[in-house]
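Q: Could you work out the structure for the sequence below:
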Amino acid sequence: MLSVMPAKAPALYPAQSRLLRALGQRLREARLRRRFTVTQVAERAAVSRPTLNKVEQGDAAVTMGTYLRVLAVLGLENDVGLLAAEDPVGRRLQDAELGVPRRAPRRRAPAYGVEATGSNKESEAGDTSSPIEGDAS
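A: Numbering: from 1, shown residues only. Purely as a prediction, here's the structure:
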């Protein structure tokens, strides 16, 4: 299974680019400490060698799933659990009990086959003729 990468990498702020490059560097160092070759890690992660090279360069076009598979091959997948584990801003907002904007309730759609006024014109007119012309029943 080979990963298909997007045609164009998303635009990132410089700080975000630095974070990705640092992650890629740490993944490369972890691979080298384990004495794994690029080919070994690429095969085990089910990605191509060029994709693994992009991971180690911190390329933003590589999917999170690919980064996770490489982390798993290196035995570091549990580190993903640390991402966004601490949320001080969110905690402060929660503690301040700021209300969440509520949406207006949905309007109910009229039942199928019933007009908006709720009347059935044929029954009001007293029409008892057959819907098929010439039907003598």
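
Q: For the top helix by length along the chain, which helices and strands make contact with it?
A: Counting residues, the longest helix found in the chain (DSSP state H) is helix 14-33. Helices and strands touching helix 14-33, by 3 or more C-beta pairs under 8 Å, 6 or more residues apart in numbering; DSSP states H and E, are helix 49-57, helix 64-73. In this view, the C-beta of every residue, glycine as well, is placed from N, C-alpha and C.

Q: That one versus helix 49-57: what angle between them?
A: Put simply, helix 14-33 runs at 120 degrees to helix 49-57, going by axes from the mean of the first three to the mean of the last three C-alpha atoms, to 10 degrees.

Q: what's next to helix 14-33, contact-wise?
A: Contacts to helix 14-33, defined as C-beta atoms under 8 Å, 6 or more residues apart in numbering, come from residues 12, 38, 41, 55-60, 67, 70-71, 74, 76.

Q: Of the helices and strands packed on helix 14-33, which stretch is the most buried?
A: Neighbour counts (mean count of other C-beta atoms under 10 Å) averaged over each of those peak at helix 49-57, with a mean of 19.

Q: shaky segments in this protein?
A: Residue ranges of the chain with pLDDT under 70: 1-7, 98-100, 113-137.
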